[in-house]
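*Asks:* Provided below for reference: sequence and predicted model.
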Amino acid sequence: MPELLDLAQRIAADARPGEQVEAYVSWHRDTDIRAYGGEVESLSSAESSGIGVRVLVGNRQGFAYVGNLDEGLAREALEEARDNAGFATHDEHAGLAVPDGVPVAPLELWDDALGALATEAKVALALDLERRVRAGDARIRQVVSSDYGDALGESAIATSTGIASSSRRTTCYLAADVVAGAGDDTQTGDGYTVGRGPGDLDVEAAVRDAIERSTRLLGARKPHSARLDVVLDRRVTATLLAVLAGTLSGEEVAKGRSLFAGRVGEEVAVPAITLVDDPTNPLAFGAAAVDAEGLACRRNALVEAGRLTGFLYDSYSARLAGTRSTGSAVRGGFKSTPGVGARALALVPGTLDQREVVRLVGDGLLVQGISGVHSGVNPVSGDFSVGAEGLMIRGGELAEPVREITIASTIQRMLQHVIAIGADVEWLPSSAAGVSLAIADIAMSGD
Amino acid sequence: MTTSTSELVDASVVERTLGVAMRHGAAFAEVFVEDKRTTGISLDDRRVEELTSGRDRGAGIRVVVGETTGFAHTADLSEKGLAEAAEAAAAVARSGGGGAREVALGDRRPVAPSRAEILPEGVEKATKVELLRRADEAARASGSSIVQVSAGYGDSRRRILVANSDGLLTGDDQVRTRFSVMCVASGDTGMQTGYESLALTVGFELFDRFPVEDAASVAAGRAVAKLSARPAPSGVLPIVIKSGTGGILFHEACGHGLEADHVVKDASAYRGRIGELVASPLVTLVDDGTPADQWGTASIDDEGRPAQRNVLIENGVLVDYMWDHLRARKEGRESSGNGRRQSYQHLPMVRMTNTYLIAGKDDPDEIVAQTPYGVYVAKLGGGQVNTATGDFVFGMTEAFLIENGRITEPLRDANLIGNGPDVLRKIDAVGDDFEMCPGTCGKDGQSVPVGCGQATLRVSGVTVGGTAGA
């Protein structure tokens, strides 16, 4: 949208001598539909937009935002940000990104078909998903929600230091939350499918996941505590990698809040582990051509054959560490300043499918889902303890379901105890890809 | 001090907007207007990184037709902008009805002025910044093992107007202030973290009541203590939870399961159990939007219903669920004042306010003394629940071993896991030392401020998710 970039550039052009100004402008249109009991429970459709203005006066930073595209209010935000800068501490490393000459990868993240899809068709998708999940298995007692959602979004960044970039993307999803029952027992599960346009949605996969994930836990019991090998299901691995990303942030490292600080070059994992963040991979849900400061996104290898090779940086953390930005700035929207983050973190896959990984483990636990990640994984100490549910593995086959357990170790130990990585990479709606991952010697707490 | 919702949108414009929303034959329509100003300041690595000012202003319009809710929002508060949003929300009903519909706002309830003594906009930015520096210094002065400190200050003033087709017109002026400190301690065993936060529905007077230095030294102390911590045990053990942060146990173990939207969809372990004994007779659980200054307190909920005190479980017996307007309307009853929303861009749903367990009679020290072996949880982190099965987890961020009735060694962080109905039955002691604590509750992608509270209590057996043999 040229208008967004024009607006951003007009704001950035207001920089006074000795100042740097950045304007981040975003707009999106969201549709959210929830089906329940064969009816539309809610339908919401709205546009949102806003402008975030960052100002550096000398080397002090201030920020302000406004929740619309009014240019007059944006100029008031600029004044406010300027005033706010006066209260920050002098910081020789503070500053905006400057163009670094890295070419922007050609990525098409926009599907015209989504904009053309009528609301009625979206409603039909949500209702159809609900119907199919209900009809798919007699043990499905309730489809708590069957959701269709989509977003068309555009954003632009301009700075007085020469950055001018814009990007646009579409996303859509279908998701069902279900309750399965047998006798007195109740279990839950969910299934979803995501894409850039309606043609990417695999409704059948969402239906299958919702049914399998809920019904296969029926009859689950709490097992006795044990120390065992586990296979993390794809979604669980993606969650784990997203946590790991926090420890590989150059900012957290520079500020002494990462368990990997000072360990570049060391073997932090088994040789099978190669970990890459590559937002230029169009398959990745988090794919992006430019980062949140307007620099080109690029492929960054973080662990190669078990050896820690580097960290992710935005402009500020790169200056702190005496290096260059890796194009890894991310931001939560126009209401916040950029920080460091991964967008498309993935383990280089192995050769086995999940059934073969399970067979390799022989006896252990397939972890279908985990809970309490935000309270149970400490990226500074590495302590790891989360709630879990899944299926026991006996004689190389999936056996009885278990629930109300925790699995615990430390991030450091888990990386050194990887037994196998699956070949079953799946790009989930996350900053990381899912893949089956077998890890030895985990403490499972139960009865 | 007086405040009027007319500053947000004129009442006659609201009436006409509701008329537009209703004209295709809706059963109910609502206009929610919000004007929110926020300040955030962050300090990290000894530097005040930035001061952020934000302004969000807009309206969310909801239209109910049959079983369907249509929703739209706009940042344009002109009559034209509101009418467009009302048309969009009403589009769900386009096939039926027709014609104009008059809405008269007859039920006009006065807007309660904010109770804040010192409004955030009346405090110099420099004064706010100074708090962060003081916290940084206090944390670092707590010991040479403190290697990193980050701190955050935030205030918000949120003025809302709620009007609906039942004729209600009301509003609120909500001022909240928060402060948090995170410390990293480093030693021979690696690094550990400690955290403490202050958050109340008050203005800048928060800091007259709670000096930031105290919060900073508490956070630092937690990090330092864990340097010598041993791995938490693994297995089922009695736990004693200190007053305050343990309230999250109830928020997760049963609070969410008592939200009517989960209940009516058969996604709650507590469905159909009104009148049954669902907890130990020592448990009387309340959700209460009224206590002065608490983080989940407000004069009205985000549907305009005055805050009230709702007894959910009384002496172990399930008394009632929590209700918002929509679910209550379907059941032909009154809302319990639990309809809340993150912002004008979100639909309201059933949410907790301040959820707490009424204090008991036991001496907290005696509860520990009568526990031969177990875990003493001094601070809980966040939690998560599956309302349909009742299984929940919550994290211990400050915990100690109990040996022979005495609190002994510190333990490393770990999650606890339990089943809500099961844990409620296993509460076998409740102390007389009640405390509240603030939290942020996430549900269906929306975050709202909530309070939690309890007295020191014991659960006879919970699974502790550590790595050491229990």
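*Replies:* Right, received. Where do you want to start? None of these values were measured; they are calculated from a predicted model. Numbering: from 1, shown residues only, chains lettered A, B, ... in the order given.
*Asks:* can you give the domain ranges for the chain?
*Replies:* Using chain A. A:2-215, A:220-447 (automatic domain parsing).
*Asks:* hmm, no, I was thinking of chain B.
*Replies:* B:5-227, B:233-469.
*Asks:* format those domains as TSV; extra columns: mean neighbour count, mean pLDDT and distance to chain A.
*Replies:* Yep, even glycine has a C-beta here, placed from its N, CA and C like the rest. Shown next, in TSV, are these (neighbours: other C-beta atoms under 10 Å in any protein chain shown; pLDDT from 0 to 100; distance: least, C-beta to the nearest C-beta, whole Å):
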stretch	mean neighbour count	mean pLDDT	distance to chain A
domain B:5-227	20	91	4
domain B:233-469	22	94	3
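*Asks:* mind listing the helices for the chain?
*Replies:* Here I'm looking at chain A. A:2-12, A:71-85, A:112-116, A:119-136, A:203-215, A:234-247, A:250-254, A:315-321, A:354-361, A:373-376, A:411-416 (DSSP state H).
*Asks:* try chain B instead
*Replies:* B:11-22, B:79-90, B:125-140, B:206-209, B:212-227, B:247-250, B:260-264, B:325-331, B:364-369, B:420-425.
*Asks:* can you tell me which helices and strands the last one packs against?
*Replies:* Read it as helix B:420-425. When contacts are defined as 3 or more C-beta pairs under 8 Å, 6 or more residues apart in numbering or on different chains; DSSP states H and E, helix B:420-425 packs onto no helix or strand at all.
*Asks:* need the contact partners of that helix.
*Replies:* Helix B:420-425 is contacted from outside by B:249, B:252-254, B:257, B:269-270, B:278-280, B:283, B:313, B:316, B:385, B:390-392, B:459, B:462, using C-beta atoms under 8 Å, 6 or more residues apart in numbering or on different chains.
*Asks:* from these, which ones fall inside strands?
*Replies:* Assigned to strands by DSSP state E, the following of those qualify: B:313, B:385, B:391-392, B:459, B:462.
*Asks:* and the stretch 201-350 of chain A, which residues reach chain B?
*Replies:* With C-beta under 8 Å from any C-beta of the partner chain as the criterion, the stretch 201-350 of chain A meets chain B at residues A:222, A:225, A:254-257, A:259, A:335-337.
*Asks:* count of residues packed around A:Cys252?
*Replies:* One thing to correct before we go on: residue A:252 is Glu, not Cys. By other C-beta atoms under 10 Å in any protein chain shown, 24 other residues sit near A:Glu252.
*Asks:* can you pull the contacts of it?
*Replies:* A:246, A:258, A:340, A:379.
*Asks:* and the stretch 1-150 of chain A, which residues reach chain B?
*Replies:* Close to chain B, as judged by C-beta under 8 Å from any C-beta, the stretch 1-150 of chain A has residues A:36-37, A:39-46, A:48-49, A:61-68, A:73, A:77, A:80-81, A:83-85, A:87-89, A:91, A:119, A:141-142, A:144.
*Asks:* which PyMOL command selects the buried ones in those?
*Replies:* Applying 16 or more other C-beta atoms under 10 Å in any protein chain shown to those, the buried members can be selected in PyMOL as follows:
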select buried, chain A and resi 36+40+41+42+43+44+45+46+48+49+61+62+63+64+65+66+67+68+73+77+80+81+83+84+85+87+88+89+91+141+142+144
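*Asks:* A:Glu204: neighbour count?
*Replies:* A:Glu204: 12 surrounding residues under other C-beta under 10 Å.
*Asks:* same check, this time on A:Pro99
*Replies:* So A:Pro99, with other C-beta under 10 Å, has 14 neighbours.
*Asks:* neighbours around the residue found closest to it once you drop the neighbours it is linked to in the chain, how many?
*Replies:* Leaving aside its chain neighbours, A:Pro99 sits nearest to A:Gly162 (5.0 Å; criterion: C-beta to C-beta, 6 or more residues apart in numbering or on different chains). Residues lying near A:Gly162 (other C-beta under 10 Å) number 12.
*Asks:* can you check A:Arg394 too?
*Replies:* 12.
*Asks:* wait, it sits on A:Leu365?
*Replies:* No. Contact criterion C-beta atoms under 8 Å: A:Arg394 and A:Leu365 do not qualify, at 10.2 Å.
*Asks:* contacts only, for residue 403.
*Replies:* You didn't pick a chain, so chain A it is. A:187, A:217, A:220-222, A:389, B:389, B:391.
*Asks:* let me rephrase: I mean chain B.
*Replies:* Here B:Glu403 is in contact with B:372-373 (C-beta under 8 Å, 6+ apart).
*Asks:* how close does it get to B:Leu237?
*Replies:* As for B:Glu403, its distance to B:Leu237 is 12 Å (criterion: C-beta to C-beta, to the nearest Å).
*Asks:* just to revisit the earlier point, so the residue nearest to A:Pro99 touches A:Val98, yeah?
*Replies:* Yes. Using C-beta under 8 Å, A:Gly162 makes contact with A:Val98 at a distance of 6.3 Å.
*Asks:* ok so, going back, can I get the domains of chain B in a markdown table including distance to A:Ser436?
*Replies:* Shown next, in a markdown table, are the domains of chain B (distance: least, C-beta to C-beta, whole Å):
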| stretch | distance to A:Ser436 |
| --- | --- |
| domain B:5-227 | 30 |
| domain B:233-469 | 23 |
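*Asks:* where are the low-confidence patches of chain A?
*Replies:* Within chain A, the segments meeting pLDDT under 70 span A:1-2.
*Asks:* swap the cut-off to 90 and go again
*Replies:* Applying pLDDT under 90 to chain A flags residues A:1-2, A:45-47, A:184, A:256-257, A:374-376, A:378-381, A:428, A:447.
*Asks:* re earlier: filter the residues of the stretch 201-350 of chain A next to chain B to the buried ones?
*Replies:* Neighbour counting by 16+ other C-beta under 10 Å classes A:222, A:225, A:254-255, A:257, A:259, A:335-337 among those as buried.
*Asks:* what's the closest of those to B:Gly66?
*Replies:* Checking these against B:Gly66 by C-beta to C-beta gives A:Lys335 as the nearest, at 36.0 Å.
*Asks:* quick one: residues contacting the closest one.
*Replies:* Shown in contact with A:Lys335 (C-beta under 8 Å, 6+ apart): A:50, A:52, A:65, A:67, B:54.
*Asks:* how about residue 412, nearest residue that isn't a chain neighbour?
*Replies:* All of this refers to chain A. A:Gly382 (4.9 Å).
*Asks:* looking at chain B here, not the other one
*Replies:* B:Ala229 (4.6 Å).
*Asks:* cool, and B:Pro306?
*Replies:* B:Ile300 (5.5 Å).
*Asks:* contacting residues for that neighbour?
*Replies:* Contacts for B:Ile300 (C-beta under 8 Å, 6+ apart) come out as B:112, B:162, B:170-172, B:306-307, B:337.
*Asks:* what about 10 Å?
*Replies:* Taking C-beta atoms under 10 Å, 6 or more residues apart in numbering or on different chains, we find B:Ile300 in contact with B:109, B:111-112, B:160, B:162, B:168, B:170-172, B:174, B:289, B:306-307, B:337, B:339.
*Asks:* B:His346 now?
*Replies:* Contacts of B:His346 (C-beta under 10 Å, 6+ apart): A:44, B:32, B:60, B:71, B:73, B:302, B:340, B:444-448.
*Asks:* on that earlier part again, what about the contacts of A:Arg403, which are in strands?
*Replies:* Those of these lying in strands (DSSP E): A:187, A:389, B:391.
*Asks:* ok, A:Ala85 touching A:Val55?
*Replies:* Yes. Using C-beta atoms under 10 Å, A:Ala85 is in contact with A:Val55, at 5.3 Å.
*Asks:* common neighbours of these two, please.
*Replies:* With C-beta under 10 Å, 6+ apart, A:Ala85 and A:Val55 have common neighbours A:19, A:61-63, B:50.
*Asks:* could I get these as JSON lines with distance to B:Leu18?
*Replies:* Converted to JSON lines, these look like this (distance: C-beta to C-beta, whole Å):
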{"residue": "A:Glu19", "distance to B:Leu18": "46"}
{"residue": "A:Gln61", "distance to B:Leu18": "44"}
{"residue": "A:Gly62", "distance to B:Leu18": "41"}
{"residue": "A:Phe63", "distance to B:Leu18": "37"}
{"residue": "B:Glu50", "distance to B:Leu18": "41"}
